[in-house]
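Asks: Here is my input, please return the structure:
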Amino acid sequence: MTSMTHSRRDLLKGAVAVATTVGVGTIAVSRRAHAQAGAAQRGRIDAVLRQAVDAKEVPGVVAMAATDRGLLYEGAFGVRALDKGPAMTLDTVFRIASMTKAITSVAAMQLVEQGKLKLEEPVPNIDPALGAPQVLEGFDAAGTPKLRPAKRPITLRHLLTHTAGFSYEVWDPNTVRYVKASGIPSTATGKVASIRLPLVFDPGDKWEYGVNVDWVGRLVEATSGQSLDAYFRDKIFAPLGMKDSGYVTSDEQRSRQARVHQRQADGTLVPQPLETPFTPEFWSGGGPLYSTARDYLTFLQMLLHGGSFNGARLLRGETVALMARNHTGDIPAGIMKTENPARSNDVDFFPGAQIRWGLGYMLNMQPGPNGRSAGTVSWGGIFNTYYWLDPTKRVTGLIMTQILPFADQRAVKLYGQFERGVYDALNAM
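Replies: Modelled structure (predicted):
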């Protein structure tokens, strides 16, 4: 199938001319040269994305990037579903999964700014899983879980940094065993009981990716007096103009939704049916949002601009800067070993590098291999959607496709190639 493309690449407005002390004609030539260099680099990004689609490495992809001066790149290639299309477009709706976590983190930090939540104090006792946490120490000879009280209380900082001790089945063998032994429901059921897991270590001792931010969402609801979907709508999506983001899609949005594709052992991709809508017991802060690349780029631009964008201020500049700092100290982060290869590969995006965690996202302590600076924050969603935000070079970008398992090698490679292309374009301009 020939790849289809819908792309628009805007020049950065107000690019600084090389010659600022010479005549108008020289300045015009300089600006033209900058524009031509930038256009050439953006054309190279087009080619990389188109080639990945043509090679069936991904079914379709939408990628966007912006600097603090404006849009740098946007492009859409391929199809929403390999079996019947239609073409991927810039307004395609995606399941963004754990990219939800950054939005929930912003909501929590809004409440921290208002004094309604505290980073360092024990979190409000809205549930025994938070107020009286138990640590899973193992299993007895009969396979019964052995639990003990946690040594210290859980704080909001623990939850936002995944150091509270909560886990996910997909990456923790003891949690898999506990779920089987206890009979608690799967997180896919949307039941609150599904996140009432014991801790796998004492709060603050280690890092492990888990249902922490689901509990942050529950705290946002309890503290604000709003359901999480209403809070997001009123305090984040509407102010930023994110009209295609939410927990429930309309019929029109569903008609623009990309299908998830399962990677087979031979590397081929098999499209899956669209998920069946249902109403969960609670809106999860950790995963189930729908959005578009345009909407999520707007959210990232808000962070890039220090909490303010499109005439709306969501956070103070110092709060955004605080979120991007190292909040796990010397505790390593970011490496996950799969217990369910159909859902996720092993995860280690920067082998050998020092990775830590900020208040809501992964933090590179050193420059990355594709151009990002030390201090860049990033993360993604299980269906292979990814973003990064580089506060030093003032650039942010995202790439979206819909593939399982997570950390798909071909999708991650394309993510890196796109990131490199963005920095090349930035350098050229």
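Asks: what domains does the record give for the protein?
Replies: 5-96+227-428, 112-221 (automatic domain parsing).
Asks: Let me know the average pLDDT across the shortest one.
Replies: Domain 112-221 shows a mean pLDDT of 97.
Asks: before we move on, what about the first one?
Replies: Average pLDDT, domain 5-96+227-428: 92.
Asks: Relative to residue 400, how far out is the residue nearest the centre of the chain?
Replies: Centroid check for the chain by CA atoms, centre = their mean gives residue 99 as the closest residue, at 2.7 Å. With distances taken as CB to CB, to the nearest Å, residue 99 is found 9 Å from residue 400. C-beta coordinates here come from the backbone N, C-alpha and C atoms, glycine included.
Asks: Residue 232 too?
Replies: Residue 232 is 19 Å from residue 400, by CB to CB.
Asks: and what of residue 225?
Replies: On the measure of CB to CB, residue 225 and residue 400 end up 33 Å apart.
Asks: Am I right that residue 378 is in a helix?
Replies: No. Under DSSP: H, G, I helix; E, B strand; the rest coil, residue 378 sits outside any helix and is assigned strand.
Asks: re earlier: can you spell out which residues form a bridge with the closest residue to the residue nearest to the centre of the chain other than its chain neighbours?
Replies: Computed as CB to CB, 6 or more residues apart in numbering, the closest residue to residue 99 that is not its neighbour in sequence is residue 381, at 4.6 Å. When bridges are called by DSSP bridges, residue 381 pairs up with residue 385.
Asks: residues contacting residue 381?
Replies: Counting by CB atoms under 8 Å, 6 or more residues apart in numbering, residue 381 touches 95, 96, 97, 98, 99, 100, 287, 406.
Asks: And the last one, its phi and psi?
Replies: Torsion angles at residue 406 (phi, psi; degrees, to the nearest 10) stand at phi -60, psi 160.
Asks: Wait, residue 282 touches residue 193, no?
Replies: No. If you go by CB atoms under 8 Å, residue 282 and residue 193 don't touch, sitting 10.2 Å apart.
Asks: When those two are compared, which one has more neighbours?
Replies: Set residue 282 next to residue 193 and count neighbours by other CB atoms under 10 Å: residue 282 wins out with 16 against 13.
Asks: thinking again about what came up before, residues that sit against both of residue 99 and residue 400, list them.
Replies: What both residue 99 and residue 400 touch, as defined by CB under 8 Å, 6+ apart, is the set 296, 385.
Asks: how much space between the residue nearest to the centre of the chain and residue 422?
Replies: 18 Å.
Asks: again, but for residue 242
Replies: 22 Å.
Asks: Which one of those two is surrounded by more residues?
Replies: residue 422 (30 against 23).
Asks: host element of the more buried one?
Replies: helix 409-428 (DSSP states H and E).
Asks: what do you get for residue 330?
Replies: For residue 330, there is no host helix or strand (DSSP H and E).
Asks: neighbours of it, just the number please.
Replies: Neighbour tally, residue 330, other CB under 10 Å: 7.
Asks: Next, it: phi, psi?
Replies: According to degrees, to the nearest 10, residue 330 has phi -90, psi 0.
Asks: distance between the ends of stretch 177-197?
Replies: Separation of the first and last residues of stretch 177-197 by CA to CA, to the nearest Å is 12 Å.
Asks: In it, which of the residues would be classed as buried?
Replies: Applying a neighbour-count criterion of 16 or more other CB atoms under 10 Å, one finds 177, 178, 179, 184, 187, 190, 192, 194, 195, 196, 197 buried in stretch 177-197.
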